[in-house]
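Q: From the sequence below, what's the structure:
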Amino acid sequence: MLCKCKDLKLNPVLKRKPLTFSPIWVLSYVPETSLSRPPWSDLPLLNKEEEQRRHQVVVQKVNTLIESREYGRLFAVVHFASRQWKVTNEDLILIENHIEAECGDRIVLEKVLLVGGEDFTLIGKPLLRYRDLVRVEATVIEKTESWPMVHMRFWKRHRFQKKRSK
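A: Reported below is the predicted structural model:
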């Protein structure tokens, strides 16, 4: 016995307990906090008739706002010149592409993704279907020629350089 105790005192490694591995569910456990679930209670699922009735009420309200023209200031998200732009009345946008329009020309932005106001938003999937419902127009104010863009290509350790300008 004395010999074993002496060995334990000299060799602290023998005192250690063997490593135990915890199950996976213990490692992935996240304690419940205020962020682990939404602050509102679970919403009950509606039956199909109730959902359609609520949908019709919302559509009716939006249609009355549009017909009475009481929608306030509108905004739209349009796809133009390979980008999406959020535009409102009297906004200026700067594009870097060349378009076939002269100064003073009015152009129609046909790819309308979204239109919204203070009380409603119409979202297209991906575009709004009704062209008679939404019409976004723009006026070309200024066209200037910019400096040529230089595209430089260089391969290291190959003595290769290539310069192309547009």
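Q: list the helices and strands the longest helix along the chain packs on?
A: With secondary structure taken from DSSP state H, the chain has its longest helix at helix 48-68. The criterion is 3 or more Cβ pairs under 8 Å, 6 or more residues apart in numbering; DSSP states H and E, and there are no helices or strands that helix 48-68 contacts. Placement of C-beta: from N, CA and C, glycine included.
Q: Can you get me a residue count around the residue nearest to Phe80 when sequence neighbours are not counted?
A: Taking Cβ to Cβ, 6 or more residues apart in numbering as the measure, Phe80 lies nearest to Leu109, with 5.3 Å between them; neighbours along the chain are not counted. For Leu109, the neighbour count with other Cβ atoms under 10 Å is 18.
Q: Phi, psi for Leu109 please.
A: Note on Leu109: its backbone torsions stand at phi -90, psi 100 [degrees, to the nearest 10].
Q: picking up where we left off before, tell me the buried residues in the longest helix of the chain?
A: Judged by neighbour count (16 or more other Cβ atoms under 10 Å), helix 48-68 contains these buried residues: 62, 65.
Q: can you dump the C-alpha coordinates of it into PDB?
A: Once side chains and other backbone atoms are set aside, the C-alpha atoms of helix 48-68 remain, and they are given as PDB (Å, rounded to 0.1, in the frame of the first residue of the first chain):
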ATOM      1  CA  LYS A  48     -58.300  28.300 -46.000                       C
ATOM      2  CA  GLU A  49     -61.600  30.200 -45.900                       C
ATOM      3  CA  GLU A  50     -60.500  32.500 -43.100                       C
ATOM      4  CA  GLU A  51     -57.200  33.200 -44.900                       C
ATOM      5  CA  GLN A  52     -58.900  34.100 -48.100                       C
ATOM      6  CA  ARG A  53     -61.400  36.400 -46.300                       C
ATOM      7  CA  ARG A  54     -58.500  38.300 -44.600                       C
ATOM      8  CA  HIS A  55     -56.700  38.500 -48.000                       C
ATOM      9  CA  GLN A  56     -59.800  40.000 -49.600                       C
ATOM     10  CA  VAL A  57     -60.100  42.600 -46.800                       C
ATOM     11  CA  VAL A  58     -56.500  43.700 -47.400                       C
ATOM     12  CA  VAL A  59     -56.800  43.800 -51.200                       C
ATOM     13  CA  GLN A  60     -60.000  45.900 -50.800                       C
ATOM     14  CA  LYS A  61     -58.300  48.400 -48.500                       C
ATOM     15  CA  VAL A  62     -55.400  48.800 -51.000                       C
ATOM     16  CA  ASN A  63     -57.700  49.200 -54.000                       C
ATOM     17  CA  THR A  64     -59.700  51.900 -52.200                       C
ATOM     18  CA  LEU A  65     -56.500  53.800 -51.400                       C
ATOM     19  CA  ILE A  66     -55.300  53.600 -55.000                       C
ATOM     20  CA  GLU A  67     -58.700  54.600 -56.400                       C
ATOM     21  CA  SER A  68     -59.100  57.600 -54.100                       C
END
